[in-house]
Each structure stands twice: as C-alpha cells, then as structure tokens.
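A.B. asks: okay, structure incoming, though there's no sequence with it:
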C-alpha cells in the first residue's frame with residue numbers, strides 16, 4: 001500500500017511538474033532566442049520557441065529515477081534506457097540549436113541503440129524463426145527507423161503529443177490486461193503524464209514546440225516499450241498501436257525516394273501535412289489522429305483478450321490506418337465550389 005501511495009505521488013508530481021517546467025522552458029527559450037522560424041516547408045507562420053522537450057524528458061528522468069528509488073524491479077534496465085534517452089536528448093538539443101549533419105544524428109542513434117541492446121538484451125520476438133544475431137540486427141534497424149519516423153511526424157501542433165498518448169495508453173492498458181506487471185506500466189504512465197503536462201502549451205495554436213530534443217528521445221522510449229510488448233508475445237498490439245505513424249512515414253518516404261528526392265530533407269508531404277495545407281486545421285488533423293489512435297488501442301485490446309481474433313485485430317487496425325490516410329488524402333484536395 002505504501003508503494004502504491006508513493007507511485008501515485010510520483011505520477012502527480014510528474015504531471016504538474018511537466019506543465020510548470022514547460023511554461024518555464026517557454027520563457028527561457030524565448031529569452032535566449034531558441035525559435036523555430038517558419039520556412040517554406042513549415043506548417044507554422046510565426047516564430048515559435050523550440051525545445052519544450054527538455055521539460056518532458058526532464059520529468060521522465062525525474063519520474064523514472066523516483067520509481068527506481070521506490071524499488072521498481074526492472075530499475076537497472078530502466079536506468080540504461082534513461083541514460084540512452086538523455087544522451088539522445090543532448091545530441092538532439094545541439095541539432096535544435098545549431099543543426100547537425102544527418103550522419104552525426106544517425107551515428108548517435110545507432111551507437112545508443114547498440115549499447116542499450118547489449119546491456120539490456122530484448123526478448124526474442126520471432127521465437128527462433130530468425131537466427132538470433134539477424135533478429136538483433138533487424139530489431140536495431142526497426143528501432144532506429146522508429147526513432148526517426150517519430151521525429152519526422154512531429155510537424156503540426158499537438159500531433160506528437162496525441163500519438164505519444166495513444167501509444168502510451170495502449171501499452172499501459174494492454175500490459176494491465178496481459179498482466180505483464182509493473183515494469184512496463186509505471187514507466188509508460190510517467191511518459192504519458194509528462195506529455196499531458198506539455199500538451200496544453202503545444203496544442204493549436206502552439207506556444208511551444210517539442211523540438212528534436214523531445215521527439216527523438218520519446219521515439220526512442222516508445223520504440224523500446226513497443227519492443228518489450230512484442231517480447232511479451234503481444235506483437236499484434238505492438239504493431240497496431242503505432243500503425244498510423246509507421247504507415248504515413250513509410251509510404252511518404254517511399255514516394256519521395258521513387259521521385260528522386262533526398263528523403264532526409266525536411267518537407268511537407270506527409271498525409272497529415274498535405275491535409276493541413278488543404279483544408280484541415282492543426283487541431284482537426286491532430287484530433288483525427290487521436291480518433292484513429294483510440295481505434296488502434298481497441299484493436300490492440302482485442303488481440304490481447306482474444307488470441308483467436310489475431311487476424312481480425314490486424315485487419316481492423318489496417319482498415320483504421322487506411323481510413324485515416326484516405327481522410328487526409330481527401331482533405332488535401334479542397335472542394336472547389338461549382339460555378
């Protein structure tokens with residue numbers, strides 16, 4: 001009972017602390033002229049302070065350290081993940097402030113993922129269907145890809161926060177249903193509450209941007225949590241929950257690559273960005289992502305409580321993602337009134 005009370009206090013501190021820290025970050029970033037200035041590929045029209053992820057990652061660090069002190073059983077693993085998170089946040093901060101070459105960013109991500117996977121071995125996802133060294137390599141590639149796609153998709157007000165909450169709440173609920181215990185539930189809840197505290201500052205019209213210092217570490221954490229979920233045998237949920245983000249980024253980058261574009265260059269060609277250029281507001285697009293995210297949580301829950309419903313759950317998740325992509329595609333072409 002004591003631990004439950006302490007956990008509750010930690011969660012409350014993380015929520016309120018994230019909101020307050022985001023407000024402080026807003027003032028400091030503006031004072032020191034750390035802005036995201038609008039360019040042709042931007043979805044905003046005025047300079048916005050960038051780097052609010054400092055508050056989010058900072059509160060995740062405080063919250064995870066607190067539950068480690070309380071005595072969460074997987075604290076050694078969590079400490080390694082936290083160290084990787086902070087190292088990526090540091091590199092990403094320099095990218096936010098001055099810009100870093102793509103090679104430096106990818107190298108830092110590859111080194112971090114490799115060290116973390118060495119120190120905190122993940123459970124096998126394929127149950128021996130793929131040789132373990134090859135599986136480790138593929139998992140590392142998927143993890144790095146997820147870090148970057150999460151960063152790529154942070155292009156309008158509120159979307160990164162909404163997606164974090166949808167994936168995070170999904171992981172929490174599925175973990176509770178599957179009874180995988182505290183090790184996933186509380187760290188995920190802390191990430192969600194840190195984002196909830198930040199979201200009022202980032203909701204349209206945004207006063208504060210997450211920045212790479214937020215989106216890259218959060219992508220890293222969510223990637224780890226999804227891999228942990230898959231390692232527990234809950235791979236359908238792990239695939240379904242981030243389904244929209246994965247589909248939008250993968251399809252968009254494939255189209256750009258086929259068109260001969262440099263895929264790592266910033267752009268405004270994601271489905272949600274084209275919809276905002278078309279006729280949706282930032283808030284409408286982020287709410288559409290939230291609605292689909294809730295649908296995907298339902299699909300993840302179905303796959304967890306009914307193992308015979310695996311194919312149904314996957315089909316429902318795919319249909320939900322396709323539905324959102326179609327909605328954004330349709331919204332990217334404003335209806336021209338007839339004469």
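C.D. replies: Yep, it's here. Just so you know, these numbers come straight off a predicted model, no measurement behind them. Numbering: from 1, shown residues only.
A.B. asks: okay, buried residues for the helix or strand hosting residue 294 please.
C.D. replies: When secondary structure is defined using DSSP states H and E, the element that contains residue 294 is helix 282-305. Residues of helix 282-305 classed as buried under the neighbour-count rule (16 or more other Cβ atoms under 10 Å) are 282, 285-293, 295-304. Where you see a C-beta, it was placed from the backbone N, CA and C, and this is true even at glycine.
A.B. asks: other SSEs contacting that helix?
C.D. replies: Using 3 or more Cβ pairs under 8 Å, 6 or more residues apart in numbering; DSSP states H and E as the contact test, the elements touching helix 282-305 are helix 159-178, helix 235-240, helix 243-258, helix 271-278, helix 310-331.
A.B. asks: centre of the chain versus it, how much separation?
C.D. replies: Going by Cα atoms, centre = their mean, to the nearest Å, the spacing between the C-alpha centre of helix 282-305 and its chain's C-alpha centre is 14 Å.
A.B. asks: what's the answer for stretch 305-313, then?
C.D. replies: Its chain's C-alpha centre lies 25 Å from the corresponding centre of stretch 305-313 when counted by Cα atoms, centre = their mean.
A.B. asks: what do you get for stretch 170-182?
C.D. replies: Put simply, stretch 170-182 sits 18 Å off its chain's centre (Cα atoms, centre = their mean).
A.B. asks: just the residues contacting it, thanks.
C.D. replies: With Cβ atoms under 8 Å, 6 or more residues apart in numbering as the test, stretch 170-182 has contacts from 72-73, 184-185, 188-189, 192, 225-226, 229, 232, 234, 237, 240-241, 293, 296-297, 300-301, 304-305.
A.B. asks: how about the helices and strands packed on helix 282-305 in a markdown table, adding mean neighbour count?
C.D. replies: Putting these into a markdown table (neighbours: other Cβ atoms under 10 Å) gives the following:
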| stretch | mean neighbour count |
| --- | --- |
| helix 159-178 | 23 |
| helix 235-240 | 24 |
| helix 243-258 | 18 |
| helix 271-278 | 21 |
| helix 310-331 | 17 |
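A.B. asks: going by secondary structure, residue 44 is in what exactly?
C.D. replies: Short version: residue 44 belongs to no helix or strand, going by DSSP H and E.
A.B. asks: pLDDT score for the nearest residue to it once chain neighbours are set aside?
C.D. replies: Counting by Cβ to Cβ, 6 or more residues apart in numbering, residue 44 lies nearest to residue 38, which is 5.4 Å off, once chain neighbours are set aside. For residue 38, the model assigns a pLDDT of 85.
A.B. asks: try residue 232
C.D. replies: The score at residue 232 is 91. That number is its pLDDT.
A.B. asks: how close does the residue lying closest to it once chain neighbours are set aside get to residue 59?
C.D. replies: The spatially closest residue to residue 232, leaving aside those adjacent along the chain, is residue 180, at 5.0 Å (Cβ to Cβ, 6+ apart). When Cβ to Cβ, to the nearest Å is the yardstick, residue 180 and residue 59 sit 24 Å from each other.
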